[in-house]
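Asks: Dropping the sequence and predicted coords here.
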Amino acid sequence: MTPNQPTRMATALLSPLLTAALVLGIVNEHSFAAEGSDSDSGFANSPAVKLGLEKSGIDPSEIATYSQFAESLLADATARVTAYGDGNVPAYAEYLKDVFIKGGFDPKDIHILPLDETVSLVVRYRGDGSSNRKPVVFSSHMDVVPAEAGEWVRNPFELQQDETFYFGRGVLDNKFDVSMLTTLFVWLKAQGFVPNRDLIIAFTGDEESLQNTVQDLTKNHRNLIDAEYAIVVDGGGGALNDSGAAIQYMVGFAEKTYATYTMTAKNIGGHSSMPRTDNAIFDLAAAIQRIENHRFAIETNEITRTYFERSAPFLDNEVGEAMRRFAANPKDEEAIEVLRAQPEYIGTLGTTCIPTMLSGGHAENALPRTATATINCRIFPGNSVEDIMGELSLVAGNPQLEWAVYGMPVSSDTSPFNDEVMGAVEASLTQLYPGAPVIPRMISGTTDGAYFRAAGIPSYSLTGIFLNPKDSFAHGLNERVRRASIPESLIFWQSMIRSIASDAN
Ligand SMILES: [Zn+2]
């Protein structure tokens with residue numbers, strides 16, 4: 001594959017002009033250089049970047065320019081408080097729209113789609129259509145989870161850095177990837193790159209809360225985002241060990257369905273001085289006990305089997321041995337017992353349900369008229385929310401109990417294996433972290449990817465970020481990302497995008 005040959009040529013032609021445009025247009029808004037931060041050393045001191053530059057043939061000065069550009073986007077993004085309820089996503093989208101227009105995108109190909117207090121942003125990078133293939137969507141989210149500024153070491157809404165890391169709310173989840181994808185589109189445009197199919201950016205505006213914008217896109221703006229598949233650039237990515245080597249690279253293929261049920265026992269009540277055998281709390285307690293003793297079926301699919309098979313070699317203990325045995329034979333009872341006992345892995349074996357809240361009664365001296373348990377389930381792909389409620393209610397063994405589903409859970413199938421995506425990932429890894437095994441994953445939460453899948457667009461979650469799991473502070477205090485992640489991601493995405501949207505390979 002020679003995807004980056006054209007890069008080098010284009011650089012020679014475009015770089016001076018482009019650099020001028022960037023400096024005038026956007027980078028100036030955040031005078032990082034003026035603050036005396038020696039960005040270049042932070043960017044380049046990763047062995048992966050050195051290797052990536054060597055293998056990709058990308059001009060180092062071009063990486064430096066676009067790393068600075070990406071950093072300025074990340075700085076702008078971090079300063080915007082875009083948690084649910086703050087109402088600041090629309091202004092962020094307008095800012096990004098401006099970046100795309102300055103980068104040469106036709107305003108007609110940029111759509112800001114309002115929904116309540118937030119928006120999504122869709123940008124189409126027009127290809128020449130020569131591949132006759134449907135577009136590929138790249139999706140990240142512009143919102144963040146809230147941050148309690150007082151509890152952070154640094155101001156979460158200002159991009160700060162030390163030798164190794166950037167700090168700030170969203171610098172990992174997910175403003176980093178919004179900034180990288182934006183940079184890539186602008187960079188590829190400046191290189192004169194014409195994809196052989198359309199590429200679509202879909203930035204959503206409420207992934208961390210309601211996840212309505214992704215549903216709005218798939219339901220009401222399908223023509224703008226219709227695609228062969230979606231790459232959800234949020235989660236997944238490379239895991240580094242303490243010496244900075246990549247030990248594995250995760251690609252999300254599936255998500256379990258998140259569903260919460262309430263199970264309620266009702267009773268006519270009465271005075272506690274005249275107790276009867278029928279009692280709402282006893283009824284509920286008996287049902288909970290039956291659910292405690294229930295085991296959901298062991299389930300596997302291609303994703304989870306491959307996950308166990310490829311994860312096994314990293315665990316030099318009985319858990320690794322159980323993974324290996326289970327991957328070879330999903331009926332191996334001993335292996336199942338070992339894996340079931342691991343909270344980390346039990347969710348990959350099938351559906352799990354667990355009571356999380358209890359309420360009941362109305363006075364200390366009255367027989368309870370109601371008692372309710374809340375049961376949270378993570379449902380294995382292929383089972384519906386109704387199926388699992390039916391199974392639970394059967395297990396509870398009391399037809400008098402009342403069941404309800406909380407909210408509107410979305411279930412989605414597993415995305416099929418995709419040789420094009422996996423091939424592109426593997427090729428991109430060889431440029432930065434050669435030899436890192438690619439491990440498919442099923443995620444236990446619900447990201448925007450589930451909604452693309454539910455709408456019939458297979459989705460794969462991955463990112464160009466490599467980090468040591470102990471440095472992952474997403475959603476928590478002092479969220480951070482390695483500074484070297486910027487140039488690493490730029491090299492990664494140049495390779496990914498050229499691999500899936502050009503004929504050069
Ligand atoms: Zn996220």
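Replies: Good, I have the coordinates.

Asks: Please list all residues in contact with the residue in the stretch 351-500 of the chain that the ion sits nearest to.
Replies: Closest contact between the stretch 351-500 of the chain and the ion, by C-beta to the ion, is at Thr447 (6.5 Å). C-beta here means a position set from N, CA and C on the backbone, and glycine is covered the same way. Thr447 makes contact with Glu207, Val232, Asp234, Gly235, Gly252, Glu255, Ser461 under the criterion C-beta atoms under 8 Å, 6 or more residues apart in numbering.

Asks: Quick check: chain neighbours aside, which residue is closest to the third one?
Replies: Of all residues beyond its chain neighbours, the one nearest Asp234 is Asn174 (4.8 Å), with distances taken as C-beta to C-beta, 6 or more residues apart in numbering.

Asks: Count the neighbours of that neighbour for me.
Replies: Asn174: 28 surrounding residues under other C-beta atoms under 10 Å.

Asks: tell me the pLDDT at it?
Replies: Listed pLDDT for Asn174 reads 96.

Asks: thinking it is in contact with Met180, fair?
Replies: No. With contacts defined as C-beta atoms under 8 Å, Asn174 does not count as touching Met180, sitting 10.2 Å away.

Asks: Secondary structure class of Lys331, three-state.
Replies: coil (DSSP: H, G, I helix; E, B strand; the rest coil).

Asks: which residues of the stretch 51-200 of the chain fall in helices?
Replies: 60-79, 89-102, 175-190 (DSSP state H, counting those that start in this stretch).

Asks: closest one to the ion among the ones you listed?
Replies: Among the helices of the stretch 51-200 of the chain, helix 175-190 sits nearest to the ion (C-beta to the ion), with 8.4 Å.

Asks: Sketch out the low-pLDDT regions of the protein for me.
Replies: 1-45, 504-505 (pLDDT under 70).

Asks: can you do 80?
Replies: Within the chain, the segments meeting pLDDT under 80 span 1-45, 444-445, 472-475, 504-505.

Asks: about what we covered before: save the helices of the stretch 51-200 of the chain as CSV, and put in mean neighbour count and distance to the ion too.
Replies: Below are these laid out as CSV (neighbours: other C-beta atoms under 10 Å; distance: least, C-beta to the ion, whole Å):
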stretch, mean neighbour count, distance to the ion
helix 60-79, 22, 13
helix 89-102, 19, 14
helix 175-190, 25, 8
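
Asks: Distance to Asn241 for these - can I get that in JSON lines?
Replies: Formatted as JSON lines, these follow (distance: least, C-beta to C-beta, whole Å):
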{"stretch": "helix 60-79", "distance to Asn241": "24"}
{"stretch": "helix 89-102", "distance to Asn241": "35"}
{"stretch": "helix 175-190", "distance to Asn241": "21"}
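
Asks: Could you pull up the residues touching Gly52?
Replies: Ile58, Gln431, Leu432, Pro487, Glu488, Ile491, Phe492.

Asks: and what of Ala227?
Replies: If you count contacts by C-beta under 8 Å, 6+ apart, then Ala227 has Lys134, Pro135, Val136, Val137, Ile200, Ile457 around it.

Asks: from what I can see the first one touches Glu228, true?
Replies: Yes. Taking contacts as C-beta under 8 Å, Lys134 lies within contact range of Glu228: 3.9 Å.

Asks: how deep is Asp198 tucked in, by neighbour count?
Replies: Asp198 has 20 nearby residues by other C-beta under 10 Å.

Asks: wait, doesn't it sit right on Arg133?
Replies: No. Counting by C-beta under 8 Å, Asp198 sits too far from Arg133 to count as a contact (9.1 Å).

Asks: Going along the chain, name the helices of the stretch 301-450 of the chain.
Replies: 302-311, 318-328, 333-340, 343-346, 385-396, 419-432, 448-454.

Asks: among these, which is nearest Arg480?
Replies: helix 419-432 (19.7 Å; C-beta to C-beta).

Asks: how close does Trp187 get to Ala202?
Replies: Distance, Trp187 to Ala202, by C-beta to C-beta, to the nearest Å: 19 Å.

Asks: Could you do Thr257 as well?
Replies: 22 Å.

Asks: Pick out whichever of the two has more residues nearby.
Replies: Neighbour count, other C-beta under 10 Å: between Thr257 and Ala202, Ala202 has more, with 29 against 23.

Asks: Is the more buried one bridged to anything, and to what?
Replies: On the basis of DSSP bridges, Ala202 is bridged to Val122, Ser139.

Asks: still on that earlier bit, how about the contacts of Thr447, which pair is most distant?
Replies: Pairwise over those, using C-beta to C-beta, the maximum falls at Glu207 and Gly252, 13.8 Å.

Asks: These two: which is more packed in?
Replies: Taking other C-beta under 10 Å, Glu207 and Gly252 do not tie; Glu207 has more neighbours (29 against 24).

Asks: so that one touches Asp234, yeah?
Replies: Yes. The pair Glu207 / Asp234 is scored as a contact, 7.1 Å apart, by C-beta under 8 Å.

Asks: Now do the shared contacts for these two.
Replies: Joint contacts of Glu207 and Asp234 (C-beta under 8 Å, 6+ apart) are His141, Asn174, Thr447, Asp448.

Asks: Looking at these, which is nearest Ser67?
Replies: Using C-beta to C-beta, the shared contacts of Glu207 and Asp234 come closest to Ser67 at Asn174, 18.8 Å.

Asks: Now for Phe157: which residues touch it?
Replies: Contacts of Phe157 by C-beta under 8 Å, 6+ apart are Thr78, Ala79, Arg80, Val81, Ala147, Ala149, Gly168, Arg169.

Asks: thought the fourth one was touching Gly87?
Replies: To tie it back to what came earlier, the one meant is Val81. No. Using C-beta under 8 Å, Val81 makes no contact with Gly87, being 9.3 Å away.

Asks: quick one: which of the two has more around it?
Replies: Val81 (20 against 13).

Asks: my guess is Ala501 meets Asn196, correct?
Replies: Yes. Contact criterion C-beta under 8 Å: Ala501 and Asn196 qualify, at 5.7 Å.

Asks: Neighbour count for those two, which is higher?
Replies: Shown here are Ala501 and Asn196; by other C-beta under 10 Å, Ala501 has more neighbours (24 against 16).

Asks: Check the secondary structure at the one residue sitting closest to the centre of the chain for me.
Replies: Central residue of the chain (C-alpha atoms, centre = their mean): Asp234, 2.8 Å from the mean position. Following three-state DSSP, the label given to Asp234 is coil.

Asks: same deal with the one 10 residues further on?
Replies: Here Gly244 is recorded as coil under three-state DSSP.

Asks: which residues does it contact?
Replies: Ser46, Pro47 are the contacts of Gly244 under C-beta under 8 Å, 6+ apart.
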